[in-house]
Each structure stands twice: as structure tokens, then as C-alpha cells.
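Participant: Prediction below, plus the sequence it came from.
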Amino acid sequence: MTSAQSDLELEEKGEKAGASYLKEGYTLRSWLGTKDHKRIAILYAVSITLFFFLGGVAAALIRLELATPQGDLVSADTYNKLFTAHGVIMVWLFLIPSIPSVLGNFLMPLMIGARDLAFPRLNLASWYLYMAGGAIVLWSLLAGGVDTGWTFYTPFSTMFSNSHVVLCLVGVLVVGFSSILTGLNFIVTVHTMRAPGMGWFRLPLFVWANYATSLILVLATPVLAMTLILVAIERLFQVGIFDPALGGDPLLFQHLFWFYSHPAVYIMVLPAMGVASEIIPCYARRPVFGYRFMAYAILAIGVIGFLVWGHHMFVSGQSVYAGMVFSLLSFMVAVPSAIKVFNWTATLYKGRISFGAPMLYALGFVGLFTVGGLTGLFLAALALDVHLSDTYFVVAHFHYIMVGGSVMAYLGGIHFWWPKITGRMYSEAWGRVAALVIFAGFNLTFFPQYLLGYAGMPRRYHSYPEEFQLLHVLSSAGAVLLAVGYLLPLGYLGWSLRYGRKAPSNPWQATGLEWQTASPPPEHNFAQQPVVVREPYAYASK
Amino acid sequence: MSAMDTVKQPHAEQFTSRAQQDFASTFGMWVFIASELLFFGPLLFGYLYLRTHYPEASAAASRHTDFLLGTVNTAVLLTSSFLMALAGHAAKGGRRSQAMKLLLAVAALGTAFLVIKGFEYRSEYQAQLFPGVDFHPQHGGHPQEQAGMELFFILYFALTGLHALHLTIGIVVCIVLAFLLRRPAPAAPSGEAVEIAGLYWHFVDLVWIFLYPLLYLVGRAGG
Amino acid sequence: MSVPFHLLPADGAQSATRLDSLALCLLLLTGAVALILLVMMVVFCVRYRAASPANRAGAREKDLGLEVAWTLIPLLLFLGLYAWGAVDYAALYKPDPAATPVFVVAKQWMWKAEHRNGRREVGELHLPLGRPVRLVLTSQDVIHSFFVPDFRIKQDAVPGRYTSIGFTPSKAGEYRLYCAEFCGTEHAMMTGKIVVQPPSEFARWLAEGPRQPGMAQRGFALFRRYGCSGCHAAGSSVHAPDLTNLLGRRVHLQDGRELVADEAYVRDAILVPRKDVVAGYEAIMPSFAGQIGEEDLLAIIEYIRESGHDERAERP
Amino acid sequence: MERGIRPLVLTWLALLALLALSAATAWIPLGWINTATGLAVAVVKALLVAVVFMRLRAGHPLLRMTALAGLATMALLFLLSGADYATRTEAPAPWQQPSTVAPRLGSR
Ligand code: HEA
Ligand code: HEA
Ligand code: CUA
Ligand SMILES: [Cu+2]
């Protein structure tokens, strides 16, 4: 059926299906007690935005301090607390829940044609856990902060730090349980609640990506949780298995921490890849190139991602042989990433490409992820990591992937599904301007950091030798531009909520099931159980 | 997983059938169990570290645990698991009052386990085996061996403590389920619910099955 | 005042040049890949923009051959890069028998170094030009990391154990030393200076300065003080092995293993004597764990080493 | 005895017998084999519980795969971290003197 025609039909069905989920209730209680996955997604969206800007303020202060070589703006202690707060908030309170908990929550049931997630109450519980954890982390920051870095390395964190480590750990732990429950919910939903006809190889790649992410959430997070508990025990009672003075081994902590935290970086990037895989075909009017390879690559990244954590420990005193194994595996995990990049590029070939804001974000994601990923190869090459480890090269590497990659993709996704989520159209012109400002600001902020790192600037430094100043100033200037770029969407998206044009059910002529119901969707998503008869991404470039 | 509406039972609105709901719940519990398993991962790996770095100290420390009570407790837990399996069987067969009694028996055995464990903890505390609080085992060797023994007891208390926490949750679940089973037919939990609670209980049992040789049996034969 | 600015660190060590070539090779390869991708994306975006009349016939949804190719080719390239990195990495950690050991102890927030003749320095490290050096590092409190960008080396100093890394300074001059592992409040201030001097100058520097007994000499005194000589001296009535020339010697252990005695082994022998019992002896040696300070331990090991190098060395 | 219950009872008896076996062998001095037998018996017991009590045999294959996924992930943790420990030449430095470890009271 042609899309225009189906649109009309569906519009009517949507009307019949009942009022939009936004109109289910207007009281605070109807929001805080909701079990509707779409409303819970909104709850997450609001809270993670809050945390993003909090983490951003810390980043702004970091960049401000680093504009001069002397440590003059804040004291060394404060600086250490700033980057710890920045890392902890950005990783656990913003990026890990960002795409899965907001877009994933909203879209997974819609995309597979289900009425909700398998366990709606659990879904709400995970939001509450998330908020509780976030509150505890904030409390630890308000009480005076934590100065261990987001990695909590022992024995510094257990025996030497004088800050509120335990409180912060507990917060992260609670957020971790929230992740586990979300992951569990997604896995069960994808396995048991697909609409008739929705075979595994008809799933949108976004669903695949969140599925693989959920596997990591469920299998890796508990290891972090227990490890953090052990750190807390060691700190509180002065007994434990990480401190050499007690007979333990600090590298044991590093193994356990990275056993979670490396897979966690794929928690942060896989969903972003999923978003890009939805947007690019839609704006290129082409089926995604090599769908099956893309799906397998997602799984491969998820699985191999479990095998490479030791690449964070090349100079830690880990065995040389273990280092070699981990390095080899790190190169292996880059292969499926390569497949993804090539296939996105190939999707553009012979397309009918238009450049809406979501597409600009998605293309930005592909480019910046590639740069970040390729520099990951520098770090994975053993001898080179000896030089680059713990320098700004690493900082640049992960910001390229996490900020240039994942945050770009998150914003792209927010724009792409904005009409579906809110029922309003955002301003396309502003959207494009913001995407370009963010892209420019981002590169200005973080590209100089590669140079800094290769020149030898260590990370987590509050003051630094003068010869690094020029590059640091460039980076700080970029951060200002970046901040402007991030504030823009807040403005025009907010504006559209009230003044935006009403959105049709399928403004982009996209093929996913989520576009076949009204915008915004009714309470249980579909007027009647959808039946899937088409392959995914059935775009024709006419 | 759809269109298997053999039994016309009510189901939650996000599902299309009762069978789908039951399968989703069972599967959900299994995913949870897989996750729980990894929760024990760091402790178990810490244990491997201990055994490889302090082989003698861990044997010496293990000899300080209470073999008899540990063995009795293992038997108690295995039996409780058996009763739990019976309860699931009964509930599936629709024999709700029988299932209820069995659940209460399971809870009772679980409580017995905790009480015995409590006695063990007490005597270990009195024997100065609690890490951090003036740890001072009798027949502890030289300082390094003592440190190894202390590590063993950290893991001992962490592992058994975590296990006890899980067991407590299990006991509460059993009691609640038993109460709910007294309600009339449609409102009462289904047989599947009892089976799912059983999965959790069996998992807690599984953990203990491994803790028993790792904590109680090391170095019994000599040293 | 002109602002000093270098884009690249200096090449202060032999391995630095090799490492730069690896970096350059990676840069060229990844740069080329990134560039090709960028060009393709731009070309596609322009050529197939919605308004363009370009021919779109024959677009494919998949192409197995192509996909296998772009899976396998990166895989092979990656294997090559991996091997290169791994070989150079192993070289940094392979013990070089000719290397001069330098002992470095890190603590919050300073670097202390001790040379074999007992000359100590804080916050600075003097090294001879062109001679292989092996750093033996440890820490007294938390993890630190010894980082000299101009040498392209970095190694964590971990409390409770020794780590080491080897390199050969190739250019005289002064270089910056950083602590690269976050270690607390003054992490950023835990810096120092490496001074590389021609060997003759270095020898002069070693000889002058605060005269302390040489490390081996001090070790000898300690060997007596801790009572080691009571058992290990030639004339002792206790049946204990002779330690002369022990380092580098092949040792047979009671449980059938056989190994070459290195510093790690000697440390073990002193701290955990029961771990490796020498064949033919009883395990009566007490553990000295917690009794011998870490600098003393290094001195004793130095003494044992020296006793082998120089038969004239004072024998207990 | 009802037919459905038979396997449950048998399993229970087998579990108790295995418990007796592992408790008894622990007292025979066999060196590392003690731990190995203890673990082997535990594995058999665990399999019994999982297969019979937890109905893995009758259950959907997906459930078995879930259990395996958990075990496999655990195995990865042990294998790769273990690879480090197995090949590391650890040179222990002297233990820190207790005085160098300042007593801390944990988080305020
Ligand atoms: C989303 C987050 C994310 C992602 C996806 C990645 C992906 C990768 N990372 Fe990164 N990394 C981090 C976040 C991330 N990383 C963070 C946060 C840290 C620091 C933690 C801390 O210490 O605080 C870190 C640190 C880090 C280190 C340790 C550095 C150190 O501290 O010493 C290493 C070392 O190997 C590494 C490697 C890699 C590799 C090989 C990949 C690969 O997965 C990348 C694969 C992708 C590509 C390679 C690009 C596409 C491929 C092609 C276009 C193929 C064509 C190329 C050729 C043929 C050459 N990362
Ligand atoms: C998702 C993760 C994420 C995100 C989004 C970011 C975003 C940013 N990060 Fe972050 N960063 C990390 C994850 C992330 N970071 C992690 C894990 C670390 C390691 C921590 C550790 O070492 O333990 C780190 C460390 C880190 C450092 C290194 C600190 C050090 O080692 O000493 C720096 C330095 O430049 C930095 C900068 C930035 C900047 C400029 C942004 C920008 O993108 C942020 C832009 C946003 C805003 C600026 C907020 C919006 C604007 C306002 C609120 C208005 C006010 C602003 C101004 C007046 C300028 N980050
Ligand atoms: Cu020492 Cu950082
Ligand atoms: Cu990693």
C-alpha cells in the first residue's frame, strides 16, 4: 500500500482508538503513578535533561578552569570533585539511561506492535529507582562531593579519599538496579510480545540495538553493583580484597570495574547506532543497506564487547600476555563497528536524500563516531596506549564517541520522533542551525584535545605547563559554542510544544510501525493489533 | 507466543493471552536469575583470587567454619527446595490448600536455615572471626596467613550474608503467596506464580550448593 | 614573552621513534579510511540529494561480496596493527640483562628515586644517555603512574608490588615527568624532571652529592641486622642456601619446579619463603613480611646481586 | 505415589545422597582433588535442581539459553581475568607498614 493512502486510513483508526496518551490525565498523580511506557519515557526525558545540564555546568567549570595553566579559578580539590561529578552524572545519570530509557521506552512497544512493555509496573519502579539513585548522587555532591574520578580506583577510593565516596557509590548502585530492570523488561518484551508477522529479521534495527544493550545491562551491571558494595565495605570497615595493605589486589578492582564499564560504553553507543539506522534510511528513502549484517553486527558488538575490558589496564601492571589478548580482542570489536559505518554510507548510495534536522544529526553521529572509533584503535594498539593512556587523547576519544556520537544521535532521535511523542512539529530551520552549531562547537572543543594528548597532557590535571595553553583555550572556546548549541533545542523544542504545528501521524513518510498510529499515540498504542506483512525499511527511492 | 488461548483466564492488558503472560513472567524470572548470578560474580572471583594467592590461609580459615551446622543447613535447604517443587506441582494441579501448606513449610525451613546460620554467626563472632572487629583466629599462623584468613572471612560473611538476604526475600514471598492462595479462585495467584516464586527459591538454593564446598569443605582433610 | 608550543613531544628515547612511526602509520591508515568515507558521504549526499535527477536504477539492498570484503579487509589490517603494537609493547617489558636498574618509589605526591650506588633524589631523575635503563616502581600509598611523554613511556606504580618498564634515553636534555594516574588532591602537581646526561657526566653526578653508603653496602649492613647472615653465611650451622651469585642463577625447587632467580623471586623468598622452597632445604626460613621496609628490601637485593658481580665483595 | 511427584522425590533423595558424598570425601586427604570433587558434586547437584526442580528440561529452549547466557558471562569474567592472574609475574613489595595507611573513618 502506498504510504499516503495508508496514512489517511490510519489517521482515522487513530482517532477511533481514543485520546492521546498525553490526555490520559493532567494531575501530577496521573504522571507519577502512570504505568504507560510512553508517559514513563517522558518522565525519564525530563529527568535526564536535568542531569545533562547539571553535568554540563560541571563541564563548563572544568573548561573555564583549564583556560589558564595556573589552577586559579577553583582549588585542586574542587577541580577533582568537578570532573568526578561530571563523569558520574554524565555516564550514569545521563548517557546510560538516555536513549534506552527515553526513546527505547517510548518506541520499543510501538515498534514491535505491542500494547506496552511486558512489565509496566516494573518499568515505573525503575524510574523511581533511577530518581532515588540520582538523588543520592546529588546528595553526595551537595554534601561536599567526591574526588575519585568516575572510575573509583582503589586503594584511593577505599583508603585515601576524604570525600563522600560511599554515598556516591550507593547512588550509582541504585541507578544500576534501575538499569537492570529496564534491560529485563526490554528483553522479555522483545522475545514475547512481537506483533503477528514481526519476525526477528523484521525488527527495526533500533529494536535490535536496544535488545543487545539490554543484554549488557542485565549481565554486566550486577558485577558493577557487587564491586561497588565491596568498595563500600572496604572503605567503611577497613577490610577487603582490593587494598594491598590488607592482602588484596588493586588490579582486582580494575578487572571487575571494567568488566562492567567497558560493555557499558556499548550500552552508550549501541542505541545511538539504532537511532542512526532509523533516521538515515528514512531521509535517504532507501532500505538500510545490508539489514542482516547490521543486525548481526549489533549482536557481535554486544558480545565481543564483553571480552575487551583489559584494554583499560595496559599500563596498570596487568600481565603482558593478558594485555596482548585484550588488545587483539579490542581490534576484533572494531570489525562490526566498521560494518555499521560502511553500511550507513552505502545506504546513502542512490538514495533520494533530504536534509532535515534529524538527518543532519545522524550524519554528524556517523562522522564523529567514526573519528572517535578510529582513535580507539590508537588506544587499542598496545605500545601506543603506553604513551596515550590517561592523557587528553583518551578524553578526546571518548567524547567523540559519547558526545559527538551518542548525544548527537540522541538529539537526532528526539527530533525525529518529536512529532510522534508530542504531536507537534518543531522548527526545521532552527533544528538545522542547532545541529550545525553543535557540530562545529563539538569539533572545536574536542579536536584540540587529541593534539594535547599526543603532546603529553595528562588527564585529570587541574593545572598544566604553559606550552599546552593554546590548545586548551581553543577547547574552552569550543565549549562555549557547544553550550549555545545545546541550549538552542531547549528553546525551540520547548516553543513547539505550545506553538508548533500539529503533527500528522507520519510526517516523514517513514515505514516503522510506530508511524502507523496517531501522533501522539493513544493509551494502548494501536487501535487494533497490527499485523506485519512487510520487510523493515520498505522505502522505495522512486 | 500468541493465539494459544486454551485456558480462558484473565490476563493483564498489555498481553494478548494468558499463555503469553505466563511465559513472559517465567522468562522474566529466568533473566532475573541470570542477572543475579552475575551479582555473585565478583565475590566468587574474589574467592578464586584468595584460593590462588593464599591457599594455606584459606584452608586454615575454612577449618574454622562449622562443618556440622553447615552440612545440616545444606540438607535443610535442599529439602526446602524439594518442598517448593512439590508446592509448584500442587498449585499447577489446582490443589491450592496443599500448595499453601507446602509454601508455609518451605518458609519454615528457610527460617530454620536462618536461625541456624544466626547461631553460626554468633559463635564465629565470639571466636573473633569477624573481619575488622579485632580479627584474631585461634591457631592463626604468621601475620600474612592471618591476613589471608581475614580475607577468607570477609568473603565468607559477604557470600553467606548476601545469600541470607536472598533467602529472607524468598521467605517473605512464600508467606505472601501462601496468604494470597487463600483467596477465592480468580483472585488467587495462579499455579504459574507459585512456580515462578519457586524458580527464585531454587536459585537461592543453587547458590548455597556451591557455597557449601567452597566455604565449609576446604582443607578439612589436613593441614 | 613567546608562548612555548609544541605539537609533538620530543624524541627522548630510542623506542619513541618506533612508536611515532606506529602512530604515523595508524594516522595515515585511519586518516585515509576516514577521508574516503567522508568523500563518499559528501558525494552521495550531493549527487543523490532529493532534487537531483541522478539515475537511481539498480540500487541494491545488500551485496554479500561487498559486505564480506569490508568485513575481512579491516580485519586483516587490524591484525597487522595489533601485531605491531604488541611487538613493541613486549619490548618495553622484556627484561634486558644489561639494563641499569633504577628504583622509583611514588607517594602522594612526590617521586623518589634511588640509584644503585645509593644516591637518592626526589622529584628528579638523572639518567645516562644511551644506556638501557629499567625502572622498578612501587608506591607507598595509592596507584600513581610514571609518565614521560618525551620517552613515550608510562607505567603505573602500584602499592604492594613492583612493576617495571625499560627504555634507552637517546638524547641529552631535560624532560618532564608527570603522574598520570589520578592519586588525590595534588595529582596535577606530582610532576618532576628527568635529566639525561652523557655517561661521563652522569658518572660524575652519581659520584658527587650527598654521600650515602652504596646501596649494596647498606644492603650488607641490613643483611646482618635482620639476621639473614645467621643462616646464610658461609660458616653458619643452619642448613641454608648460599646466596652468592643468586640473581640469574637457575634454582631447583622442592616441588620440582625450576626457575631463574630474579628480583621478584628473591622478594618472594624473603617475604613469602614458603611459596618457593629450594630443593634440599627445609622450609624453616621465617617470613620477613611487614618487618623489612621497602627501601631496605631493595638494598638487600642489591647486595645479593653485587655479591655475584664481584667475588671480592665482602662475604659474610 | 502420584506419578508427577516421583521424579521430585527421587531428585531430593539424590541430592541428599550427594550431600553426604561431598561431606564425606572432604575428610579424605586428597590435596587439590578435594576441592575438585566438592565442586564436581556441587555441579551435579546444581544440574539436578536446575533440570528437575526448575523444569529446565521441560521448559522452553529460550529458558535454557538464558541460564547459559548467565553462566557464559560468568565464565568470561573468570577466564579473562584469570588469564591475567595466571600469566602475571607478581613481584610483591613489602607490605605497607600499618602506619602508612592513615586510618580513615569512611565517608562522613
Ligand atoms: C560510547 C563509548 C565508547 C565506545 C563506543 C568506545 C569504543 C572503543 N574504544 Fe573506548 N573508551 C571510552 C568510551 C568508548 N570507547 C571511554 C569512556 C574511555 C575512557 C574511560 C576512562 O578511563 O575514564 C575509553 C577508553 C578506551 C581505551 C583505554 C585508554 C586508556 O585509558 O589507556 C581503549 C584502549 O584500547 C579504547 C578503545 C576503544 C576501541 C578499540 C573501541 C571500538 O569499539 C571502536 C570501533 C569503531 C571504529 C574502529 C570506527 C569505525 C570503523 C571503521 C570506519 C573501519 C575502518 C577502519 C580501518 C580499516 C582502519 N577506549
Ligand atoms: C556522556 C558523557 C559526557 C558528556 C556529554 C560530556 C560532555 C562534556 N565534557 Fe566530559 N567527561 C565525561 C563524559 C562526558 N562529558 C567523562 C566520563 C569524563 C571523565 C571523568 C573522569 O576523569 O573521571 C569526562 C571528562 C571531561 C574532561 C576532562 C577532565 C580532566 O580529565 O581533567 C573535560 C575537559 O575538557 C570534559 C569536557 C566536556 C565538555 C566541554 C562537554 C560538553 O559537551 C558539555 C556541553 C554542555 C554544557 C556546557 C551545558 C549546557 C550549557 C549551560 C548549562 C550554560 C552554561 C555554560 C557556559 C557558560 C559555558 N569532560
Ligand atoms: Cu600520583 Cu597522580
Ligand atoms: Cu573500553
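Facilitator: Cool, the structure landed. Numbering: from 1, shown residues only, chains lettered A, B, ... in the order given. Ligands and ions are numbered 1, 2, ... in the order given.

Participant: For the closest residue to A:Ala297 other than its chain neighbours, give me the pLDDT.
Facilitator: Spatial nearest neighbour of A:Ala297, excluding adjacent residues (Cβ to Cβ, 6 or more residues apart in numbering or on different chains): A:Pro336 at 3.8 Å. C-beta: built from backbone N, CA, C; applies to glycine. Listed pLDDT for A:Pro336 reads 94.

Participant: for the nearest residue to C:Val260 once chain neighbours are set aside, phi and psi?
Facilitator: Spatially, and ignoring its direct neighbours in sequence, C:Val260 is nearest to C:Arg250 (5.7 Å; Cβ to Cβ, 6+ apart). Per-residue torsions, C:Arg250: phi -80, psi 130 (degrees, to the nearest 10).

Participant: by contact count, what packs against the helix-or-strand element of chain B with minimal mean pLDDT?
Facilitator: Sorted by mean pLDDT, DSSP states H and E, the helices and strands of chain B end with helix B:55-62, the least confident at a mean of 86. Judged by 3 or more Cβ pairs under 8 Å, 6 or more residues apart in numbering or on different chains; DSSP states H and E, helix B:55-62 is in contact with helix B:143-180.

Participant: Okay, and the beta partners of A:Pro458?
Facilitator: Note on A:Pro458: beta-bridge partners by DSSP bridges are A:Thr391.

Participant: all helices of the stretch 151-300 of chain C, in order?
Facilitator: C:199-207, C:215-225, C:228-232, C:263-271, C:294-309 (DSSP state H, counting those that start in this stretch).

Participant: Nearest to ligand 3, out of these?
Facilitator: Of all the helices of the stretch 151-300 of chain C, it is helix C:294-309 that lies closest to ligand 3, at 16.9 Å by Cβ to the nearest ligand atom.

Participant: re the thing from before, let me see the contact set for the residue nearest to A:Ala297.
Facilitator: Neighbour list for A:Pro336: A:Tyr296, A:Ala297, A:Ile298, A:Ala300, A:Ile301, A:Ile304 [criterion: Cβ atoms under 8 Å, 6 or more residues apart in numbering or on different chains].

Participant: just curious, which of those is nearest to chain D?
Facilitator: Of all the contacts of A:Pro336, chain D sits closest to A:Ile304, with 10.6 Å by Cβ to the nearest Cβ.

Participant: Surely the closest one and A:Ser330 touch.
Facilitator: No. Judged on Cβ atoms under 8 Å, A:Ile304 makes no contact with A:Ser330 at a distance of 9.0 Å.

Participant: And the two? Which one has more around it.
Facilitator: Comparing A:Ile304 with A:Ser330 by neighbour count (other Cβ atoms under 10 Å in any protein chain shown), the higher total belongs to A:Ser330, at 28 against 19.

Participant: For that one, give me its contacts.
Facilitator: A:Ser330 neighbours (Cβ under 8 Å, 6+ apart): A:Val308, A:His311, A:Gly376, A:Ala380.

Participant: circling back to that earlier point, okay if I get the helices of the stretch 151-300 of chain C as a markdown table plus distance to ligand 1?
Facilitator: A markdown table is the format used below for these (distance: least, Cβ to the nearest ligand atom, whole Å):
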| stretch | distance to ligand 1 |
| --- | --- |
| helix C:199-207 | 32 |
| helix C:215-225 | 34 |
| helix C:228-232 | 41 |
| helix C:263-271 | 25 |
| helix C:294-309 | 27 |
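
Participant: of all those helices, which lies closest to D:Leu13?
Facilitator: Taking Cβ to Cβ, helix C:263-271 is the member of the helices of the stretch 151-300 of chain C nearest to D:Leu13, at 49.3 Å.

Participant: how about that closest one, does it reach chain D?
Facilitator: Yes. Helix C:263-271 reaches chain D (Cβ under 8 Å from any Cβ of the partner chain) through C:Glu263, C:Ala264, C:Arg267, C:Asp268, C:Leu271.

Participant: Name the member of the residues you listed with the most neighbours.
Facilitator: C:Arg267 (23 neighbours).

Participant: which stretches of chain B aren't confidently modelled?
Facilitator: B:1-9, B:139-144, B:185-186, B:222-223 (pLDDT under 70).

Participant: So which bits of it are right by ligand 2?
Facilitator: Taking Cβ under 6 Å from any ligand atom, no part of chain B reaches ligand 2.

Participant: Around chain A, which positions in chain B sit nearby?
Facilitator: Counting by Cβ under 8 Å from any Cβ, chain B sits next to chain A at B:1-2, B:13-16, B:20, B:23-24, B:27-28, B:31-32, B:34-43, B:45-46, B:49-50, B:53-54, B:131-132, B:135, B:144, B:147-148, B:150-151, B:154-155, B:158.

Participant: List buried residues within those residues.
Facilitator: Buried members of the residues of chain B next to chain A, counted by 16 or more other Cβ atoms under 10 Å in any protein chain shown: B:1, B:14-16, B:20, B:23-24, B:27-28, B:31-32, B:34-43, B:45-46, B:49-50, B:53-54, B:131-132, B:135, B:144, B:147-148, B:150-151, B:154-155, B:158.

Participant: So which of the residues you listed sit within helices?
Facilitator: Secondary structure assignment by DSSP state H places B:20, B:23-24, B:27-28, B:31-32, B:34-39, B:41-43, B:45-46, B:49-50, B:53, B:144, B:147-148, B:150-151, B:154-155, B:158 of these in helices.

Participant: re the thing from before, tell me which of the helices of the stretch 151-300 of chain C approaches C:Tyr48 most closely.
Facilitator: Per Cβ to Cβ, nearest to C:Tyr48 of the helices of the stretch 151-300 of chain C: helix C:263-271, 62.8 Å.

Participant: How far off centre is the helix or strand hosting C:Leu38?
Facilitator: Here C:Leu38 is covered by helix C:14-47, with elements defined by DSSP states H and E. Offset of helix C:14-47 from its chain centre (Cα atoms, centre = their mean, to the nearest Å): 30 Å.

Participant: That helix vs chain A: in contact?
Facilitator: Yes. Helix C:14-47 is in contact with chain A by Cβ under 8 Å from any Cβ, via C:15, C:18-19, C:22-23, C:26, C:30, C:33-34, C:37-38, C:40-41, C:44-45.

Participant: just checking, what packs against whichever helix or strand B:Phe113 is part of?
Facilitator: Using DSSP H and E, B:Phe113 falls within helix B:96-126. The contact analysis (3+ Cβ pairs under 8 Å, 6+ apart) places helix B:96-126 against helix B:67-92, helix B:143-180, helix B:191-211.

Participant: how does it look with 7 Å?
Facilitator: helix B:67-92, helix B:143-180 (3 or more Cβ pairs under 7 Å, 6 or more residues apart in numbering or on different chains; DSSP states H and E).

Participant: so which of the contacts of A:Ser330 comes closest to chain B?
Facilitator: Distances from chain B to the contacts of A:Ser330, taken by Cβ to the nearest Cβ, are shortest for A:Val308, at 17.4 Å.

Participant: Contacts only, for that closest one.
Facilitator: A:Val308 is in contact with A:His262, A:Phe326, A:Leu329, A:Ser330, A:Val333, counting by Cβ atoms under 7 Å, 6 or more residues apart in numbering or on different chains.

Participant: what's the answer for B:Trp208, then?
Facilitator: Here B:Trp208 is in contact with B:Thr74, B:Leu77, B:His163 (criterion: Cβ under 7 Å, 6+ apart).

Participant: what about it, distance to D:Glu90?
Facilitator: 33 Å (Cβ to Cβ, to the nearest Å).

Participant: For PyMOL, write a command that selects the buried ones of the contacts of A:Val308.
Facilitator: Here is the PyMOL command that picks out the buried ones among those, judged by 16+ other Cβ under 10 Å:
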select buried, chain A and resi 262+326+329+330+333
